[in-house]
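> next input, structure requested:
(one chain, ligands or ions: 1)
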Amino acid sequence: MTWRVDRVVPGGFGASWDARAGEFVTVVDLEGLQAGDFIAFDATDPQEWLSPIHCRESLRSIFVRSGDVLVTNRRRPALVIVRDDVGVHDATIPACDPTRYAVEFGVPGHRNCLENMWQSVRERGVAIERMPEPLNLFQNTPVVGEGRIGLTDPLSRPGQRIGSLFLNPGGPGDSGVAAVTGRGEALDAMTDGRFDIVGWNPAAPVGARR
Ligand SMILES: [Zn+2]
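Numbers count the residues shown, from 1 in each chain. I've put the predicted structure just below:
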């Protein structure tokens, strides 16, 4: 498989990239025990973003796992998890920010996810007024009885990956299922046969003709 974008993100920093319909995104915890806050926006409308709160309702779960379709704040499919080596991620807690480091950890001025995300958003010209909640890859927040949330170390070990997220195949009228059933072998070859390939039919927006 060839990589269009291949980035190593140093600890404490962030990175951003564009992902086109049908492409795979793979996130690897290179050193283990690291978590990464993940946000995504519609390239054509930054007011539509990957929304953990809508994912939780859509999935009827507070966790995400392999095979899940992740949706936006407009309840449309945005990403699919097609492989997950770790199996534990968080869709509940907010990004770390200056206050969390200063007040809770006693480390004022520490680099943090919220400021990293704002930096990336500004660099890319994504015009938003408020940062969406992140999906926290590898973050481990188990339910620990009576609805309480634990906050503990990731289970990720060096090199484990949250497989790939298979993007929405296209606009209304394009069939993601047909794309997979018709091009399954080609897709399999592109990904060295290492991935489950998932497709779906995006719903047409209001007013669109089928
Ligand atoms: Zn953080």
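
> now do the closest residue to residue 101 other than its chain neighbours against residue 104, distance only.
Using CB to CB, 6 or more residues apart in numbering and skipping residues adjacent in sequence, the residue nearest residue 101 is residue 110, 3.9 Å away. Any C-beta I mention is one placed from the backbone N, CA and C, and that applies to glycine too. Here residue 110 is placed at a distance of 11 Å from residue 104 (CB to CB, to the nearest Å).

> quick check: residue 52 touching residue 135?
Yes: assessed by CB atoms under 8 Å, residue 52 is found in contact with residue 135 at 5.3 Å.

> any common contacting residues for those two?
residue 91 (CB atoms under 8 Å, 6 or more residues apart in numbering).

> around residue 79, how many other residues sit close by?
Number of residues near residue 79 (other CB atoms under 10 Å) recorded here: 23.

> now do the SS call for it.
For residue 79, the assignment made with DSSP: H, G, I helix; E, B strand; the rest coil gives strand.

> now the host helix or strand of residue 48: buried residues?
Using DSSP states H and E, residue 48 sits in strand 45-49. By 16 or more other CB atoms under 10 Å, the buried positions in strand 45-49 come out as 48, 49.

> pull stretch 7-18 out as PDB, backbone CA atoms only.
C-alpha atoms of stretch 7-18 as PDB (Å, rounded to 0.1, in the frame of the first residue of the first chain):
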ATOM      1  CA  ARG A   7       3.300  11.800   9.500                       C
ATOM      2  CA  VAL A   8       5.100  11.100  12.800                       C
ATOM      3  CA  VAL A   9       3.500  13.300  15.500                       C
ATOM      4  CA  PRO A  10       5.900  14.000  18.500                       C
ATOM      5  CA  GLY A  11       4.400  13.500  21.900                       C
ATOM      6  CA  GLY A  12       2.600  16.600  23.100                       C
ATOM      7  CA  PHE A  13       2.000  17.900  19.600                       C
ATOM      8  CA  GLY A  14      -0.700  17.700  17.000                       C
ATOM      9  CA  ALA A  15      -1.000  17.200  13.300                       C
ATOM     10  CA  SER A  16      -3.600  17.600  10.600                       C
ATOM     11  CA  TRP A  17      -4.200  16.300   7.100                       C
ATOM     12  CA  ASP A  18      -6.900  16.100   4.500                       C
END
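
> pull stretch 155-166 out as PDB, backbone CA atoms only.
The C-alpha trace of stretch 155-166 is given here as PDB (Å, rounded to 0.1, in the frame of the first residue of the first chain):
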ATOM      1  CA  LEU A 155      -4.000  -0.500  26.700                       C
ATOM      2  CA  SER A 156      -2.100   0.400  23.500                       C
ATOM      3  CA  ARG A 157       1.400  -1.100  23.100                       C
ATOM      4  CA  PRO A 158       4.100   0.100  20.600                       C
ATOM      5  CA  GLY A 159       2.900  -0.300  17.000                       C
ATOM      6  CA  GLN A 160      -0.700  -1.200  17.600                       C
ATOM      7  CA  ARG A 161      -3.100   0.700  15.400                       C
ATOM      8  CA  ILE A 162      -6.700   1.700  15.300                       C
ATOM      9  CA  GLY A 163      -6.800   0.100  11.900                       C
ATOM     10  CA  SER A 164      -8.300   2.300   9.400                       C
ATOM     11  CA  LEU A 165     -11.200   4.500   9.000                       C
ATOM     12  CA  PHE A 166     -12.900   4.000   5.700                       C
END
